[in-house]
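Undergrad: predicted model follows, preceded by the sequence.
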Amino acid sequence: MIAGLLSGCGQEHSNREASAQTQKTDPVSATFYVYDTVATIKIYDEKATEQNVDEIRDLLGKIDRELSRTNPDSDLYKVNAAAGQQAVQVSQGTFDAVKKALDYAEATHGLLDPTVGPLINLWDIGHQDAKVPNKNELETARRLTDYHKVVMDEANRTIKLEQPGMVLDLGSIGKGYAADQVSLYMQQHHLNSALINLGGSSIVAVGSKPGGADWNVGLQDPDKNRGSQLGTIKINNETIDSSGVYERYFMQDGVRYHHILDPRTGYPTQNGLMSITIVSDNATDADALSTAAFVMGLKDGMAYIERQKGVEAFFVMDDNQIYATSGLKDRIHLTSTIYHMADDPSSIK
């Protein structure tokens, strides 16, 4: 997911903030390509070394290779290739990631389903030949989307897809899971100040900025035609993750078909949402819930997020109204005159 976040953010405001502080150190940083996007790691802790950055790059590359749906050498590819035939032994990391995805599927009653791969393949959104599938193809792919048919064997660390043609896809949690593994690495190496940016869609703040200030993150206008930001938010030792209809889509007969699919229908969601941004203590939660809440829609999504401990969200609608959960509405600083905070979230229909 390419999300509406601008790391580094609210640039002029952020620069003024930085100049007002005495920074202890310049960051040890690196930018590289992984997960089909550009990742940037900046570690501000004075103990950080180039070796730390190299090890993080290697860690992210390892996870990418394990969880890639298209790499023939990956664990996930091998599990999918053996669908309906046999169980495949995988790494502990792959096993844990798939198990986590299935936990989300259970918690959301299948609205976030890691077996949605056949539908993703069929729609092929983000590629030049994307088009609306015919109804027979769509129904076949939809019937193959069923997380109950994933068999996990913890003792042997194997995964089996019960039905031929099933396809696991961890796009809904992959970046978040990877970001949490990088956060764990930081903790293990006692690195207490860092910013992890995985393509703008998952931004993890480890601790605070040098000097103790919060990180100031810009929130991109979900209408990419404007190319501006709608506001800023400050985070500290938190993750921020967004999903939106503007990320990957195609137009057919005047209709926008975006990449966030509803497993119940097989079609992209059509519920008036332009984007959802999640703020959470956990990157995997943020990544997964941004997709699940999007499929739920505004009313059910808001109610669901309000019930989650340590998770907040705001929803941007196609009428430019913004609805925020109770713990987040006072943290968003709007800088755009186009968008407005909804006065009464209880009026959601």
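TA: Received it, and whenever you're ready, just let me know what you need. Residues are numbered from 1 along each chain as shown.
Undergrad: quick one, strands of the stretch 201-349 of the chain?
TA: 202-206, 215-220, 229-235, 239-244, 249-252, 255-258, 273-280, 311-317, 321-324, 332-334, 340-341 (DSSP state E, counting those that start in this stretch).
Undergrad: redo the ones you listed as CSV? Include mean neighbour count, distance to Thr140 and mean pLDDT.
TA: Heads up, the C-betas are built off the backbone N, CA and C, glycines and all. Below are these laid out as CSV (neighbours: other Cβ atoms under 10 Å; distance: least, Cβ to Cβ, whole Å; pLDDT from 0 to 100):
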stretch, mean neighbour count, distance to Thr140, mean pLDDT
strand 202-206, 27, 32, 92
strand 215-220, 25, 37, 90
strand 229-235, 21, 40, 93
strand 239-244, 28, 26, 90
strand 249-252, 14, 20, 90
strand 255-258, 16, 19, 90
strand 273-280, 26, 28, 94
strand 311-317, 24, 33, 96
strand 321-324, 20, 37, 96
strand 332-334, 16, 43, 95
strand 340-341, 14, 44, 94
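Undergrad: can you lay out the ones you listed as TSV showing distance to Gln86?
TA: Shown next, in TSV, are the strands of the stretch 201-349 of the chain (distance: least, Cβ to Cβ, whole Å):
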stretch	distance to Gln86
strand 202-206	33
strand 215-220	45
strand 229-235	44
strand 239-244	34
strand 249-252	36
strand 255-258	35
strand 273-280	37
strand 311-317	38
strand 321-324	47
strand 332-334	50
strand 340-341	53
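Undergrad: quick one: residues contacting Asn236.
TA: Ala205, Gly207, Ser208, Asp214, Trp215 (Cβ atoms under 8 Å, 6 or more residues apart in numbering).
Undergrad: that should have said Ala101, apologies.
TA: Contacts of Ala101 by Cβ under 8 Å, 6+ apart are Leu112, Pro114, Leu170, Ser172, Ile173, Ala288.
Undergrad: ok, it to Ala292 distance?
TA: Applying Cβ to Cβ, to the nearest Å, the value for Ala101 to Ala292 is 11 Å.
Undergrad: with Gly171 instead?
TA: Per Cβ to Cβ, Gly171 is found 13 Å from Ala292.
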